[in-house]
Every structure is written in C-alpha cells, then in structure tokens.
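S.K.: could you work out the structure for the sequence below:
(one chain, ligands or ions: 1)
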Amino acid sequence: MKRSETKPLGLYVHIPFCASKCAYCDFYSFASRDEDLQKHYVSALQLQMEDWASVCRGYAVDSVFIGGGTPTVLPPKLLHRVIDAVWRNFSLTDDVEITLEANPATVDLRGLRKLHRAGVTRLSMGLQSAHDRELSALGRTHTWAEFEQSFSDARDAGFDNINIDLMYGIPHQTEASFLKSLNVASLLGPEHLSVYGLKIEEGTPFHVSQDTLPLPDEDTEYSMYMQCVEYLASRGFEQYEISNFARPGFRCRHNLKYWSGGEYLGLGAAAHSDFDGERFAALRDVAVYIDGMELVGQGDTIWSERRAIPEDERMSEFVMLAMRLRDGVSRAEFTARFDADLDSYCGERLKAYIPDGFVTFDGDRYAFTTKGMYVSNYILSSALPFDYAEAEI
Ligand code: SF4
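M.R.: Numbers count the residues shown, from 1 in each chain. Prediction:
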C-alpha cells in the first residue's frame, strides 16, 4: 500500500499511575511508585503494540496521546521505553503530534529535554488552579510556584506547544479567584488551554463529602464559564470546543479526532478505541491487563466491551460530538456520511433553541452559542433520538 493510500489514525496510550489520587478524579489511575508493577505494565504495553503493529499497517499515525494517570511518574527509562515502542511499531507521519500529559513536580529540565529529543511535540500540563488553597482542596500535590517552574523548564527544554488544564466550580473558588487563575495561566503564554467544570463523580472522595464541600453556586459557575470564554478571546485564544481554547494553529489534533469521528486505537488498561468500525475498551484493571498481554491465549480477557456500532448510534454520536465544536454540525457532511437528512434527524428540534439564542443555523451548520454550549448536554438529550444519557464517549 502506498503512503497516500494509508488512513489516518490516532493512538492513545494509558499510563494509570499517579503520585497520589486527587479527590475529584474518576479516571482509571491510582497512586503507585511500585517500580516492579510499572515495569510489568510497560512490558505489557510493548507486547500490545507489537500485536497491533501488523493490524495497523494500512494506517499512518498522525497523533499520539500519552495520558493517564500521570505518565511522568514513570521512571524516565520506562517512559522512554513506551515512546520508543510507539516509534518502532507504528508508521508515524512526518508531522505527527505527540502529546504527553505531565504534572508539575514530576518533571525536571533534564527529563523534559530528553522527552523533547525523543519526539514529544506537545505537553499537556495539569494546573487546575493558581491558588494553593484550592489546589490542596482538590488533593493536588503541587503548588502554583512548582507549576510556574515546570512550565518554564518545559519552555527551556524546547517545547513550543503547551496546554494548561484549568478547572472552574471547585471548592473555595470565587469568580475573582478563578479569573486570577485564568489571568496568570494565560500570562505564561501557553498555546492551548483546556478549562473544565468540576463534576462530582461517583466513587470519588468528593462524592462522599459533596454536601459539605464549599462549592460555588450554579449561577457563579455559569458566570465563570461565560467570563472565561470572553477573557480568553480577548487574549487571542479561539474557542474551538466547549472546553478547549487555542492560539491559531494550535488546536489539539488528537482530541479533534474524537470529536470529528476519526479512528483511534487505545492501548493499555481502561483505554478506549474506535477502530475499523468497532468500539472496544479494556478493563479498568492493571493485573488483568498485564496477564492478558503476558499469558499466551489470554489476550481477549482484557476487554470490557467490544462491539460494532450500529448506524443509528453512529449518527447520534456524529451530531453529539460535532456539536461540541464551535463549528457545529454540517448538513452536507451528515448527508455525505450517512445518506440521510440532518433536518429531519434532529435539525428541526435544534431549531427550537434558535429564538432564545442557544443555537445558530447558517443554512448548512447548526452550532451552539456560548450559552448554548454551557447547557449542551440538556439540549442534545432533547434533540437526539438516541439515548444520549446512556452514551459513553
Ligand atoms: S493527577 Fe490527574 S489522573 Fe492523577 S489522580 Fe489527579 S486528576 Fe486523576
């Protein structure tokens, strides 16, 4: 197969280890510095990559996202084994975007230089808040000062594409303290910002103590979101997705794949894939994952879900994901993809939200306004025929 005939693919590599567990986090990750376990896990990842290498021969990987968890809690040697295995087993495009999630206080200048040399092109750094009191309420182990140092080290190491994660709606936060976090984070000069509202997820310490958490009320949260969008626009960031803002030319290619229905392959425990018409996800269990990869004939035991996606579900997903984007969903693209009419599928119901300023329609595209984005889940669940609440994307 010639290069021009290859299909684009995103790779996600999950590293489930963290320095400690944050009080709000329901990602599959746990506090561990157990080097033996980490070694086995990385070996299992290498084996899984070798397994997939031949299946992916017709694909050109143009985005890689190494996330977690906190990949940078791995000893550098192990982290580099993961990166090397990606390069060795897959065909990467010349302009491949390779993102690595890194938390402050888990990286230093020397380590960052090596990661840059190993081909990592983009860093995603978790800040969440620039106030130490709020950080400690979240269970984060770093301070603002440590973040500043890590960011500066990343620049010195040569990274010219850095994302900062921030949160609103967190304990002790006020409108003023959130705007201060936004302000100081944007003054560092990142190329990209992801700003998510806190969600209280079942199974987390925050869920247990939610009634006593000093959280901002709903009106304050709404105001934080609206001001965030306005402020970041004034600082030259384009909002291209509900929670994501980028300087021109710095949108995250990998995440855009999720929102635009592209193919991606997830590697590691708990990793999700949408590959060759099938959706599959690995169990949230490191031991099962390691055994599945290391023991002959156990490979299929790692899956929690593996199924072909019916066309009606694909249609709803396509709309739901495209509507996360500022550009929204296109009637022409929907028809080209599904041979169906978007207006009769859900467009007429979306139009009901135009008079109150939640949705726009330009003759081809339906898109949310900023205030529509804030309540997008509610609008989509009423506009889509598929049970949106049940969708796990
Ligand atoms: S560092 Fe990230 S993945 Fe780890 S516990 Fe905190 S929020 Fe979750």
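
S.K.: list the contacts for Tyr196?
M.R.: Shown in contact with Tyr196 (Cβ atoms under 8 Å, 6 or more residues apart in numbering): 165-168, 243. C-beta coordinates here come from the backbone N, C-alpha and C atoms, glycine included.

S.K.: one more: His172?
M.R.: When contacts are counted by Cβ under 8 Å, 6+ apart, His172 touches 131, 133-134, 137, 214.

S.K.: mind running it again at 6 Å?
M.R.: Counting by Cβ atoms under 6 Å, 6 or more residues apart in numbering, His172 touches 133-134, 137, 214.

S.K.: dump the residues you listed into TSV; add distance to Phe17 and pLDDT as well.
M.R.: Formatted as TSV, those follow (distance: Cβ to Cβ, whole Å; pLDDT from 0 to 100):
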residue	distance to Phe17	pLDDT
Arg133	27	97
Glu134	24	98
Ala137	23	97
Pro214	30	97
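
S.K.: buried stuff in the helix or strand where Asp153 lies?
M.R.: If you go by DSSP states H and E, Asp153 is part of helix 144-156. Across helix 144-156, burial judged by 16 or more other Cβ atoms under 10 Å covers 144, 146-151, 153-154.

S.K.: equivalent analysis for stretch 222-230, please.
M.R.: For stretch 222-230, the neighbour count (16+ other Cβ under 10 Å) marks 222, 224-225, 228-229 as buried.

S.K.: repeat that for stretch 365-372.
M.R.: Neighbour-count burial for stretch 365-372, counted by 16+ other Cβ under 10 Å, picks out 365-368, 370, 372.

S.K.: same thing with stretch 76-86?
M.R.: 78-83, 85-86.

S.K.: for Gly126, what are its contacts?
M.R.: Contacts of Gly126 by Cβ under 6 Å, 6+ apart are 103, 165.

S.K.: are we agreed that it is in a strand?
M.R.: Yes - per DSSP: H, G, I helix; E, B strand; the rest coil, Gly126 lies within a strand segment.

S.K.: okay, and the beta partners of it?
M.R.: With DSSP bridges as the criterion, Gly126 is bridged to Asp165.

S.K.: what's the neighbour count on Phe361?
M.R.: Applying other Cβ atoms under 10 Å, we find 16 residues neighbouring Phe361.

S.K.: quickly list what it is bridged to.
M.R.: Tyr366.

S.K.: return the per-residue confidence for it.
M.R.: Listed pLDDT for Phe361 reads 98.

S.K.: for Glu305, same thing?
M.R.: So, for Glu305, pLDDT stands at 85.

S.K.: count of neighbours near it?
M.R.: Other residues close to Glu305 by other Cβ under 10 Å number 12.

S.K.: and the gap between it and Ser91?
M.R.: 27 Å (Cβ to Cβ, to the nearest Å).

S.K.: and for the residue most central in space within the chain, nearest residue in space, chain neighbours not counted?
M.R.: Centroid check for the chain by Cα atoms, centre = their mean gives Asn255 as the closest residue, at 6.0 Å. Distance criterion Cβ to Cβ, 6 or more residues apart in numbering; nearest residue to Asn255, sequence neighbours excluded, is Asn244 at 6.9 Å.

S.K.: isn't the one you found right next to Val195, touching?
M.R.: No - using Cβ atoms under 6 Å, Asn244 makes no contact with Val195, being 7.9 Å away.

S.K.: tell me which residues of stretch 258-265 come out buried.
M.R.: Applying 16+ other Cβ under 10 Å to stretch 258-265 flags 258-259, 262-265 as buried.
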